[in-house]
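Undergrad: what follows is a predicted structure for the sequence shown.
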Amino acid sequence: MNKSILGVLGALALTIAACAGATTNGGASGSPAATTAAKPDIKVGAVLSLTGVGNVYGPTQRNGLQLAVDAINAAGGANGAKLQLIVEDDQSTTDGGITAFKKLTAQDRVTVIFGPTLSNTAVAADPVAQSAQTPVIAISNTGDGIVGKCDYGPCDYIFRVSLGESAAIPQTVKTVKAKLNIKSVVLMYAQDDKFSSDGFAIFKKNLTSAGITIKKEIAFSKNDVDLSGPVTQALAEDPDAIVDSSLAGPAIKVLQEVNRRKPGLPVIGGNGFNTPAIAKSAGAAAEGAISGAAWYLGNPSAENKAFVSAYKAKFNADPDQFAAQAYSAVYVYLDAVKRTPNPTSVLHDKLRDQLALTTGVSTPLGEVSFNASHDVSQQVYVVQIKNGQFTPIN
Amino acid sequence: MADQIYNAIFIGSIYALFALGFTLVFSVLDILNLAHPALFTLGAFTALFAMQQGVPAALAVVVAFVVCGIAGVALDRVAFAPLRARGAPPLSAMISSIGVALIITRLIQFAYGPDFQSYPAGSLPAAVYSLAGVELDTLRSVIIACAIGLMLALTYLVRRTRLGRELRALAENPRAARLLGIDVDRAIAATFFLSAGLGGVAGVLYGFATNSPFSQMGLAFELKAFAVMIVGGMGSIPGAVLGAYLLAFGEIASLAVLPSELRDAFAYGLLFIVLLVRPAGVLGRRPPDRV
């Protein structure tokens, strides 16, 4: 008896709380709605890996998107209409990505989708947006087959602001050859990670064509808890530098091992190196590490300075490249949507056409344009960690 | 060559310390505690938190041992004891422990975010010394010594002390142990305290070695620990240690004889052969549980 009374009281309390919450939310969103009654909000969606293996990247991407949307709305929105950001978590799975894409295109009817975080998910979920004729702007997919020529057929609604390894690595190899006079390397890579193994293939091709000898190729697993064995094996070859194609976790271990056994030996990496976590965790071991990147924290451009200080003020941390790319993507979208008549129409072909015309949009990444394949065209920064900071060397 | 042996001893010690906590709970209670990787992570982050407050590294290890030990006892009370009281099958306990693992991991993520963290600069020994022509670093040498010391201490505790006798009696037959006057609840609590404490210390030591603790760092050890336990003999404490060093030496040895792409295939292939010869594991006495 007592239990049932308690149950009823509990349910009542929950209902009251829910009603109170609804009222509060309604009140909060009521006032901006009243001021922008003339123009409906423009819905923008994002599919991010907030949980699961990709959760190292998803949260900072969400921060970058939110920061840009808030700043744009505070400055009057897109031609007077506010942007409304709807974020879905794909749980780092392809199924989660497909479900989220279906919800955003069919139910929320968003004008654009930013994401998804992981390339594997993008290959599975982008066709949903393509068939719903909803533009997608990839903010972190660097693999092949995301834009331009896609396995599933036409992908003209898919765009990408994230610089692929195929653009960054050739520039890195060219720069290290010219600046450091490197003649031989050992090439290490995480064999069970698509990003790392794609990077390995691109490094191999470019090192070979640059006339740099690859003394040995050493594979390891992204889940290896220790890389002292593979690094010891690499150093036994006495190379001029170690090239490591991996994400940040293994990269930290490689840098620490190299520093422990042969301090000062250059370590060259791909995009996975370009996160503050590398300098923070590897500490002195990260000094001198070189990578090609789409963005670096200390870029003195006005857009980047404004972005970094706003991010720090709001999230009390330095942004990373993923946040910068997400933030920049919103401004690329804003540029196009301002030129699009009736952007909230269910037909998004006009928005797609305007996105395709994107040229020289100023962002924290530098000036961003889309090429004929809808892929990003921007400057590549070859950066080296000096005193814990990424510093350009090209 | 000597470098690689040192590498194998180091990584084998970490595997062993991790697997010991896992195997202790299994040997006494016949349940696989899948929250063990989360307790490992909790250890690394407890030490991080303590060191950020100015606690020295050595004391932070002790703090992590105690905090994780208490978390282990709480884990038993919340996730396992109610199921044990109802006679639920071992599979239910496994699922329950997965739930707790997710909660602990999410709480750590909530507090620290998903990114790699690092211990305060200058708080860990960084000196390198040379021994018989091999460059050794102080930190890893200390970690190896700690791990071996803890393994010996646990072996002594289980074999030579009253608590150890109680644990062994409990492992043999819980009902008979209770009839003999053993405080079973206390013995179970001690099992979880030791298991989780060891897992936590393994987490701190590994966190120190890599200086990049992150919220999911325990996951990579789970599969290795299973392999180590099965090869050593499910529930055998010396077996877990032996299995850990076998796996570590297998991984390093494969680098010398095979292309690096085949390293895991070689290491796990070796373990497979061990199982073909001794299906109950190298030092296993009873058949594996059918979970």
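TA: Good, I have the coordinates.
Undergrad: in a helix, residue B:182, correct?
TA: No - under DSSP: H, G, I helix; E, B strand; the rest coil, residue B:182 sits outside any helix and is assigned coil.
Undergrad: list phi and psi for it.
TA: phi -80, psi 140 (degrees, to the nearest 10).
Undergrad: over to residue B:54?
TA: Backbone geometry at residue B:54, expressed as degrees, to the nearest 10, gives phi 100, psi 10.
Undergrad: the helices in the stretch 101-250 of chain A, which residues?
TA: Along the stretch 101-250 of chain A, the stretches classed as helices by DSSP state H, counting those that start in this stretch are A:119-131, A:165-180, A:194-209, A:228-235, A:248-261.
Undergrad: can I get these in JSON lines including mean pLDDT?
TA: Output for the helices of the stretch 101-250 of chain A, formatted as JSON lines (pLDDT from 0 to 100):
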{"stretch": "helix A:119-131", "mean pLDDT": "93"}
{"stretch": "helix A:165-180", "mean pLDDT": "91"}
{"stretch": "helix A:194-209", "mean pLDDT": "92"}
{"stretch": "helix A:228-235", "mean pLDDT": "94"}
{"stretch": "helix A:248-261", "mean pLDDT": "90"}
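Undergrad: tabulate those helices (JSON lines), appending distance to chain B.
TA: The C-beta positions use only the backbone N, C-alpha and C, and glycine is treated the same way. Listed next are the helices of the stretch 101-250 of chain A as JSON lines, based on distance: least, Cβ to the nearest Cβ, whole Å:
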{"stretch": "helix A:119-131", "distance to chain B": "17"}
{"stretch": "helix A:165-180", "distance to chain B": "20"}
{"stretch": "helix A:194-209", "distance to chain B": "10"}
{"stretch": "helix A:228-235", "distance to chain B": "4"}
{"stretch": "helix A:248-261", "distance to chain B": "5"}
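Undergrad: a markdown table for the ones you listed, including mean neighbour count?
TA: As requested, the helices of the stretch 101-250 of chain A are exported to a markdown table (neighbours: other Cβ atoms under 10 Å in any protein chain shown):
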| stretch | mean neighbour count |
| --- | --- |
| helix A:119-131 | 22 |
| helix A:165-180 | 20 |
| helix A:194-209 | 20 |
| helix A:228-235 | 24 |
| helix A:248-261 | 25 |
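Undergrad: quick one: closest of the ones you listed to residue A:385.
TA: helix A:248-261 (9.2 Å; Cβ to Cβ).
Undergrad: export that closest one to PDB, keeping only CA atoms.
TA: Output in PDB follows, covering the C-alpha atoms of helix A:248-261 (Å, rounded to 0.1, in the frame of the first residue of the first chain):
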ATOM      1  CA  ALA A 248      47.300  10.800 -31.400                       C
ATOM      2  CA  GLY A 249      47.300   7.900 -28.900                       C
ATOM      3  CA  PRO A 250      50.000   5.700 -30.600                       C
ATOM      4  CA  ALA A 251      51.800   8.900 -31.800                       C
ATOM      5  CA  ILE A 252      52.400   9.900 -28.100                       C
ATOM      6  CA  LYS A 253      53.900   6.500 -27.400                       C
ATOM      7  CA  VAL A 254      56.200   6.600 -30.500                       C
ATOM      8  CA  LEU A 255      57.400  10.100 -29.600                       C
ATOM      9  CA  GLN A 256      58.100   9.100 -26.000                       C
ATOM     10  CA  GLU A 257      60.000   6.000 -27.000                       C
ATOM     11  CA  VAL A 258      62.100   7.800 -29.600                       C
ATOM     12  CA  ASN A 259      62.900  10.500 -27.100                       C
ATOM     13  CA  ARG A 260      63.900   7.900 -24.500                       C
ATOM     14  CA  ARG A 261      66.300   6.100 -26.900                       C
END
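Undergrad: quick check, the helix or strand following it touching chain B?
TA: Sequence-wise, the next helix or strand downstream of helix A:248-261 (DSSP states H and E) is strand A:267-269. No - Strand A:267-269 lies apart from chain B when judged by Cβ under 8 Å from any Cβ of the partner chain; the minimum separation is 15.1 Å.
Undergrad: let me know the average pLDDT across strand A:267-269.
TA: If you average the pLDDT over strand A:267-269, you get 96.
Undergrad: immediately after that strand, which helix or strand?
TA: helix A:276-282.
Undergrad: can you count the residues close to residue 151?
TA: Assuming you mean chain A. Residue A:151 has 9 neighbours, counted by other Cβ atoms under 10 Å in any protein chain shown.
Undergrad: actually chain B
TA: 20.
Undergrad: okay if I get the helices of the stretch 101-250 of chain A as CSV plus distance to residue B:132?
TA: Below are the helices of the stretch 101-250 of chain A laid out as CSV (distance: least, Cβ to Cβ, whole Å):
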stretch, distance to residue B:132
helix A:119-131, 47
helix A:165-180, 34
helix A:194-209, 36
helix A:228-235, 16
helix A:248-261, 16
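Undergrad: count the neighbours of the nearest residue to residue B:41 once chain neighbours are set aside for me.
TA: Distance criterion Cβ to Cβ, 6 or more residues apart in numbering or on different chains; nearest residue to residue B:41, sequence neighbours excluded, is residue B:218 at 4.4 Å. Other residues within reach of residue B:218, judged by other Cβ under 10 Å, total 27.
Undergrad: cool, and residue A:312?
TA: The criterion is other Cβ under 10 Å. On that basis, residue A:312 has 12 neighbouring residues.
Undergrad: state the distance from it to chain B.
TA: For residue A:312, the distance to chain B (Cβ to the nearest Cβ, to the nearest Å) stands at 15 Å.
Undergrad: can you check residue A:161 too?
TA: On the measure of Cβ to the nearest Cβ, residue A:161 and chain B end up 22 Å apart.
Undergrad: show me where the chain dips below the pLDDT cut-off.
TA: Reading this off chain A. Chain A contains residues with pLDDT under 70 at A:1-38, A:346.
Undergrad: not what I meant, chain B
TA: Counting by pLDDT under 70, chain B shows low-confidence ranges at B:285-291.
Undergrad: close to chain A: what parts of it are there?
TA: B:3-4, B:7-8, B:10-11, B:14, B:109, B:113-118, B:121, B:128, B:135, B:137, B:206, B:209-212, B:214, B:216, B:219-221, B:224, B:251-252, B:255, B:259-261, B:263-264.
Undergrad: could you redo the last one with a cut-off of 7 Å?
TA: Taking Cβ under 7 Å from any Cβ of the partner chain as the test, the list of chain B residues beside chain A reads B:3-4, B:7, B:10-11, B:14, B:113-116, B:118, B:121, B:128, B:135, B:137, B:206, B:210-212, B:220-221, B:251-252, B:255, B:260-261, B:264.
Undergrad: out of those, list just those in helices.
TA: Members of the residues of chain B next to chain A lying in helices (criterion: DSSP state H): B:3-4, B:7, B:10-11, B:14, B:206, B:210, B:220-221, B:251-252, B:255, B:264.
Undergrad: return the residues of chain A in contact with chain B.
TA: So chain A meets chain B at A:55-56, A:59, A:191, A:218-221, A:223, A:225-226, A:228-230, A:232-233, A:248, A:252-253, A:256, A:260-261, A:277, A:280-281, A:283 (Cβ under 7 Å from any Cβ).
Undergrad: could you find the closest non-adjacent residue to residue A:214?
TA: Distances taken as Cβ to Cβ, 6+ apart put residue A:187 closest to residue A:214, at 5.2 Å, once the chain neighbours are dropped.
Undergrad: surely the one you found meets residue A:205?
TA: No - in this structure residue A:187 lies outside contact range of residue A:205 using Cβ atoms under 7 Å: 11.1 Å.
Undergrad: and residue B:283, how far is that from chain A?
TA: For residue B:283, the distance to chain A equals 24 Å [Cβ to the nearest Cβ].
Undergrad: for that residue, grab phi and psi.
TA: phi -110, psi 20.
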